[in-house]
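1. sequence unknown, structure follows:
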């Protein structure tokens, strides 16, 4: 009798687990479909234009000691992108810009609110969705860039949001130098960023510092980021640079991180 009771309890627990797992799978599928529908809606209203250099374009000056082999000299010739955010702001008034990362599926508008939690569980139109959306750290300013500008998103298994940021850890991505560029367009300017570090790391917050007390502190920070990189990008970064950080989950215990420095901008 006792054995029969134990078997019944085990069976009930197994059924509950199966039902719970089934509900989670269905919810994931629903959220995934909603993300695809939202992405299609965004594509229908947005126009991404490449723009050539003009009298509003500024090439960010580099150290005089920079090697002629630094890929910077090739990257500054790459066109910027310009995205009119007006229609996107009608969908979400917290729209702040657009980001495109070469060699990944990352080609999205990004948003910003008063905390770093809301868009972990809400999609672009602010409806609840476990996929979340791409968002700017609430501490960052775009009209006067902090030394470190940070964007986050979930690392979705279907490669949406920052799910394809894992690409930066692969030999295929690293073997193509055309991938080492990030393009951003905001209300204020269009910018081009050169990648200088990519890595996977146990969850920590030491790379999401926004501002620094001194040039010395910032240089120590930059050195830490470069030393972590799984690849030598042969890129000079100094206290005079502004950097961009992309961060996502690799799994429940680790993050995938990309860092890039600003090399060109066009004021709107």
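-> Structure received. Keep in mind that this is a model prediction, so the values were computed, not measured.

2. which residues in the stretch 151-268 of the chain form helices?
-> 171-174, 215-228 (DSSP state H, counting those that start in this stretch).

3. Give me the pLDDT value at the nearest residue to residue 105 once chain neighbours are set aside.
-> In space, residue 105 comes closest to residue 164 once its chain neighbours are excluded; the distance is 4.1 Å by Cβ to Cβ, 6 or more residues apart in numbering. Where C-beta positions appear, they are placed from N, C-alpha and C, glycine not excepted. Note for residue 164: predicted pLDDT of 96.

4. do the same with the one 4 residues further on
-> Here, the pLDDT recorded for residue 168 equals 97.

5. Tell me the spacing between the nearest residue to residue 32 once chain neighbours are set aside and residue 39.
-> Spatial nearest neighbour of residue 32, chain neighbours left out: residue 158 (5.8 Å); criterion: Cβ to Cβ, 6+ apart. Counting by Cβ to Cβ, to the nearest Å, the gap from residue 158 to residue 39 is 11 Å.

6. now do residue 141
-> Look at residue 141 and residue 39: by Cβ to Cβ, they are 27 Å apart.

7. Between the two, which is the more surrounded one?
-> Higher neighbour count among residue 141 and residue 39: residue 39, with 17 against 12, using other Cβ atoms under 10 Å.

8. Now do the contacts for the more buried one.
-> Shown in contact with residue 39 (Cβ atoms under 8 Å, 6 or more residues apart in numbering): 108, 160.

9. Assign it to helix, strand or coil.
-> What DSSP: H, G, I helix; E, B strand; the rest coil gives for residue 39 is helix.

10. now swap in the one 3 residues further on and tell me
-> Assigned with three-state DSSP, residue 42 falls in the helix class.

11. burial count for it?
-> Count around residue 42 with other Cβ under 10 Å applied: 20.

12. ok, it to residue 252 distance?
-> 29 Å.

13. what's the pLDDT at residue 65?
-> On the pLDDT scale, residue 65 is placed at 71.

14. Please identify the helix or strand for it.
-> Secondary structure assignment for residue 65, by DSSP states H and E: no helix or strand.

15. Look at it and say how many residues are nearby.
-> Counted with other Cβ under 10 Å, the neighbours of residue 65 add up to 7.

16. For it, list the residues it contacts.
-> Here residue 65 is in contact with residue 236 (criterion: Cβ under 8 Å, 6+ apart).

17. how near is it to residue 166?
-> Residue 65 is 34 Å from residue 166, by Cβ to Cβ.

18. Same check on residue 257?
-> Counting by Cβ to Cβ, the gap from residue 257 to residue 166 is 11 Å.

19. When those two are compared, which one has more neighbours?
-> residue 257 (24 against 16).

20. Report the contact partners of the more buried one.
-> Residue 257 touches 197-201, 207, 228, 245-247, counting by Cβ under 8 Å, 6+ apart.

21. Type out the PyMOL command that picks the buried ones from those residues.
-> Buried residues within these, by 16 or more other Cβ atoms under 10 Å, are selected in PyMOL with:
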select buried, resi 197+198+199+207+245+246+247
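
22. Okay, and which of the contacts of residue 257 map to strands?
-> 197-201, 245-247 (DSSP state E).

23. Distance of residue 101 relative to residue 46?
-> Residue 101 sits 17 Å away from residue 46, going by Cβ to Cβ.

24. need the helix or strand of this protein with the lowest average pLDDT.
-> helix 2-45 (a mean of 67; mean pLDDT, DSSP states H and E).

25. Show the subsequent helix or strand relative to that one.
-> strand 48-51.

26. contact partners of that next one?
-> The contact list for strand 48-51 (Cβ under 8 Å, 6+ apart) reads 79-83, 98, 100, 107, 185, 190, 266.

27. in it, what counts as buried?
-> For strand 48-51, a neighbour-count test (16+ other Cβ under 10 Å) marks nothing as buried.
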